[in-house]
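# sequence and computational prediction follow.
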Amino acid sequence: MWGCVPAIRAISLALAAWLFTGLAAGAETPPGRVVSINLCTDQLAMMLAAPGQLVSVSYLARDPMSSAMVADAAAYPPNRGLAEDVFLLQPDLVVAGAWTTPATAAMLERLGVRVERFGIAATPEEITGQIRRMGALLGRDPEAEAMANRFLDDVARLAASAAAAPRGRAATYHANGFTSGTGELSDLILSLAGYRNIADEIGLSTGGHLPLETLVLAVPDLVVTGERFPGVSRSEDVMGHPSLDHLAARAETDAGWVCGLPHILSAVEGLRE
Amino acid sequence: MTARSGLFPGLAALCVLLFFGSLLIGPAGIGPGAALSALFAGGDDPLALVMREIRLPRALLGLLTGASLGLAGAAMQGYLRNPLAEPGLIGVSGSASLGAVIAIHTGLAGAFTLALPLAALLGAAVAVLLILILAGPRGGSITLILAGIAISALAGALTSLVLNLSPNPFAAGEIIFWMMGSLADRSFTHLWIALPFVLIGAGLIATTARVLDALTLGEDAAAAMGLGLAQARLALVFGVAASVGAVTAVAGVIGFVGLVVPHLLRRAVGGRPSALLPASALGGAAMVLSADIAVRVILPHEDLKLGVLTAIVGAPLFLHLIFRTRRETAV
């Protein structure tokens, strides 16, 4: 799931791969046994696959902390994303994250399985690019096209209403005091909800460690903290520091913030409420 | 011999200076005037929040942590008559850490607040008892250090195990905090958790002052003077456990403070353990406050761990002391 957290971007790579597979897939018969081993490709595939076409998704798709499609995922046998258990499912296509499991993907390719890697999507164009690419891979182009267009319409509508009624400045503040920079997925969610990310004005446009006192002195209108994981950690303590209580309105991220999917729209709705 | 005149006022002045330094230095560059007026005037503006809720507890915790560690180091060295007995080196802080980690990750600390310092105290007490049993007043430096290595290693391994077993993805990354210590972004909650235990610990250690002085003449002499050795040992165990346990529970393991500070101050107090106790408390506070200022000056935007700096200062001194001890035993 960490691969979905926008950290490194590979727009050109994703785009090139999309163009390539888009051309190649057109002529082939769609794959009959597809396995997904990445949280974000899990959800893309579940939305687009024909009945019976997708045979397994990663176990993370069932984790309500990270997955926006827990109920759908219950219908698919989960995999742990290890080459061994994936190979035994006899897939003719494996969809994987570009950054999370390079060793597994390489091993599967060595075993003769076709692997398609998806990078990180953080802009509306990248998100629709991935939707269309997944549609092409699965032989479901019309469905993908419809989903992409619906998404772009929703984004345009939200962007217009955000521009009409700006809500102020917001900061994301995660475990260990990390904040997300401009151009990342959370930045897109904030802007569609009418907020301006303060990362730029405090000199952290690429994101990174935001000292608590810098955050307090920036006086944002909204502080979005990460959802707390089970168990306890000192890293997450800082999100509950008393100085934040007096500071600004608070919101928490949820599974909608994790992957570049149409589900970000529900995260946007959550912020607007 | 008595303490050099001016030692205590000088140390106290140094602590005050460093305390204000700690309040005035931080990643957000705030002018000293604005910072102090925000601190004293209060109010709800962000500047006052930063000063009162972020920097003040941090500076106070630095003071408290350093004083506890310096005091505990001086007390253990006085009792064991060995300059190498330092809470961090002999596994007392590590065991306190283990206690704290167990309390946090079993949910005990969440269920009732005192569970955290109590568990750390218990961990530290077990380690102190083990050290006293293994090294004892008659044990040599080698036994002490070997016992310390074993206890530290075990405590460190078990701490890592507990953190690795946690379902929380961030927990494993915190192994470094528990082993190197940090005061970053701690709040008053942490100060209130530690303070009572530190005060009780200091009180217990203070009651051992006369015994520590008498022990410089040997155990028999101390017993002949009619001082309760058994009672003093008990007070020492729980005094050290309470002060080290409480600060470790909120700040992690900060090593070498209890080694460096008594070493530097021993001559200035004329080698008297009872005078070394308060001097080391002040000196320890000054050392941790300086280290905590340094971590913010060196890498203002990262959470550089305190223990990194105290080890850079302390480890060479530790080697020097081992070398000297070896030469003395060889003669």
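Cool, got the structure.
# where does chain A have low pLDDT?
Scanning chain A with the threshold set as pLDDT under 70 gives A:1-28.
# what does it have sitting close to chain B?
Counting by CB under 8 Å from any CB of the partner chain, chain A comes close to chain B at A:175-177, A:208-209, A:211-214, A:216-219, A:229-238, A:241-243, A:246-247. The C-beta positions use only the backbone N, C-alpha and C, and glycine is treated the same way.
# ok, the residue lying farthest from the centre of chain A to residue A:115 distance?
Most distant residue from the mean C-alpha position of chain A: residue A:246, 31.0 Å away (CA atoms, centre = their mean). Counting by CB to CB, to the nearest Å, the gap from residue A:246 to residue A:115 is 50 Å.
# and what of residue B:194?
According to CB to CB, residue B:194 stands 53 Å off from residue A:115.
# which one's more surrounded, the two?
Each of residue B:194 and residue A:115 has its neighbours counted (other CB atoms under 10 Å in any protein chain shown); residue B:194 has more, 28 against 20.
# from residue B:238, how far off is residue B:126?
From residue B:126 across to residue B:238, the span is 12 Å (CB to CB).
# so what's the residue count around the closest residue to residue B:129 other than its chain neighbours?
Using CB to CB, 6 or more residues apart in numbering or on different chains and skipping residues adjacent in sequence, the residue nearest residue B:129 is residue B:237, 6.0 Å away. Neighbourhood size, residue B:237 [other CB under 10 Å]: 21.
# okay, and residue B:237 sits in which element?
helix B:229-251 (DSSP states H and E).
# so for that helix, what gets flagged as buried?
Across helix B:229-251, burial judged by 16 or more other CB atoms under 10 Å in any protein chain shown covers B:229, B:232-233, B:235-251.
# and for stretch A:246-255?
Per 16+ other CB under 10 Å, stretch A:246-255 contains these buried residues: A:247, A:248, A:251, A:253, A:254, A:255.
# tell me how far the ends of that stretch are from each other?
Across stretch A:246-255, the terminal residues are separated by 27 Å (CA to CA, to the nearest Å).
# contacts for that stretch next, please.
Stretch A:246-255 is contacted from outside by A:64-68, A:70, A:172, A:186, A:215-216, A:219-227, A:244, A:263, A:267, A:270-271, B:44, B:46, B:49, using CB atoms under 8 Å, 6 or more residues apart in numbering or on different chains.
# ok, stretch A:220-234 next?
So stretch A:220-234 is in contact with A:65, A:167-175, A:186, A:190, A:195, A:198, A:215, A:236, A:239, A:244, A:247-254, A:271, B:104-105, B:107, B:109-110, B:166-171, B:174, B:177, going by CB under 8 Å, 6+ apart.
# rewinding a little: which ones among the contacts of stretch A:246-255 are found in strands?
A:172, A:222, A:223, A:224, A:225 (DSSP state E).
# from chain B, how far off is the last one?
From residue A:225 across to chain B, the span is 13 Å (CB to the nearest CB, to the nearest Å).
# so what's that residue closest to, chain neighbours aside?
Closest to residue A:225 by CB to CB, 6+ apart is residue A:239, at 4.1 Å.
# my read: the one you found touches residue A:176, true?
No. Residue A:239 is beyond contact range of residue A:176, at 9.5 Å (criterion: CB atoms under 8 Å).
# related to what we said a few turns ago, return the backbone torsion pair for the residue farthest from the centre of chain A.
As for residue A:246, its main-chain torsions (degrees, to the nearest 10) stand at phi -90, psi -10.
# could you measure from it over to residue A:122?
On the measure of CB to CB, residue A:246 and residue A:122 end up 32 Å apart.
# again, but for residue A:31
From residue A:31 to residue A:122 the distance is 27 Å (CB to CB).
# turn the buried residues of stretch A:246-255 into CSV, including secondary structure.
Putting those into CSV (DSSP: H, G, I helix; E, B strand; the rest coil) gives the following:
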residue, secondary structure
A:247, coil
A:248, coil
A:251, strand
A:253, coil
A:254, coil
A:255, helix
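# could you measure from the closest residue to residue A:214 other than its chain neighbours over to residue A:178?
Distances taken as CB to CB, 6+ apart place residue B:28 nearest to residue A:214, at 4.8 Å, with adjacent residues excluded. Residue B:28 sits 17 Å away from residue A:178 when distances are taken as CB to CB.
# the stretch 51-200 of chain B against chain A: which residues are in contact?
B:53-55, B:104-105, B:107, B:109-110, B:166-171, B:173-174, B:177, B:185, B:187-189.
# which residues are contacting stretch B:152-159?
B:89-91, B:94-95, B:97-98, B:101, B:123, B:127, B:175, B:178-179.
# just the helices in the stretch 101-250 of chain B please.
Using DSSP state H, counting those that start in this stretch, the helices of the stretch 101-250 of chain B run over residues B:108-111, B:115-134, B:141-165, B:175-180, B:188-207, B:209-215, B:219-224, B:229-251.
# can those helices go into CSV with extra columns for mean pLDDT?
Shown next, in CSV, are the helices of the stretch 101-250 of chain B (pLDDT from 0 to 100):
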stretch, mean pLDDT
helix B:108-111, 86
helix B:115-134, 92
helix B:141-165, 91
helix B:175-180, 89
helix B:188-207, 95
helix B:209-215, 92
helix B:219-224, 82
helix B:229-251, 93
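# most tightly packed of these?
Among these, helix B:229-251 has the highest mean neighbour count (mean count of other CB atoms under 10 Å in any protein chain shown), at a mean of 25.
# run the angle between it and helix B:115-134 for me.
Counting by axes from the mean of the first three to the mean of the last three CA atoms, to 10 degrees, helix B:229-251 lies at 140 degrees to helix B:115-134.
# which secondary structure elements does helix B:229-251 sit against?
helix B:56-80, helix B:92-105, helix B:115-134, helix B:188-207, helix B:209-215, helix B:219-224 (3 or more CB pairs under 8 Å, 6 or more residues apart in numbering or on different chains; DSSP states H and E).
# which neighbouring elements make contact with the longest one?
In this case it means helix B:56-80. Going by 3+ CB pairs under 8 Å, 6+ apart, helix B:56-80 lies up against helix B:7-24, helix B:92-105, helix B:115-134, helix B:188-207, helix B:209-215, helix B:229-251, helix B:257-265, helix B:273-298.
# contacting residues for residue B:114?
residue B:193.
# do you know how far it is from residue B:245?
According to CB to CB, residue B:114 and residue B:245 sit 12 Å apart.
# one more: residue B:68?
The spacing between residue B:68 and residue B:245, counted by CB to CB, is 9 Å.
# likewise residue B:5?
35 Å.
# same deal with residue B:166?
On the measure of CB to CB, residue B:166 and residue B:245 end up 21 Å apart.
# dump the C-alpha coordinates for stretch A:104-114 into PDB.
Extracted in PDB, the C-alpha atoms of stretch A:104-114 (Å, rounded to 0.1, in the frame of the first residue of the first chain):
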ATOM      1  CA  THR A 104       8.100 -10.400  -7.000                       C
ATOM      2  CA  ALA A 105       7.200  -8.900 -10.400                       C
ATOM      3  CA  ALA A 106      10.600  -9.700 -11.800                       C
ATOM      4  CA  MET A 107      10.300 -13.300 -10.500                       C
ATOM      5  CA  LEU A 108       6.900 -13.700 -12.100                       C
ATOM      6  CA  GLU A 109       8.200 -12.500 -15.400                       C
ATOM      7  CA  ARG A 110      11.000 -14.900 -15.200                       C
ATOM      8  CA  LEU A 111       8.400 -17.600 -14.800                       C
ATOM      9  CA  GLY A 112       6.800 -16.500 -18.000                       C
ATOM     10  CA  VAL A 113       3.800 -14.600 -16.500                       C
ATOM     11  CA  ARG A 114       2.900 -11.300 -18.100                       C
END
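# which residues touch that stretch?
Here stretch A:104-114 makes contact (CB under 8 Å, 6+ apart) with A:31, A:37, A:81-83, A:86-87, A:91-94, A:96, A:115, A:117.
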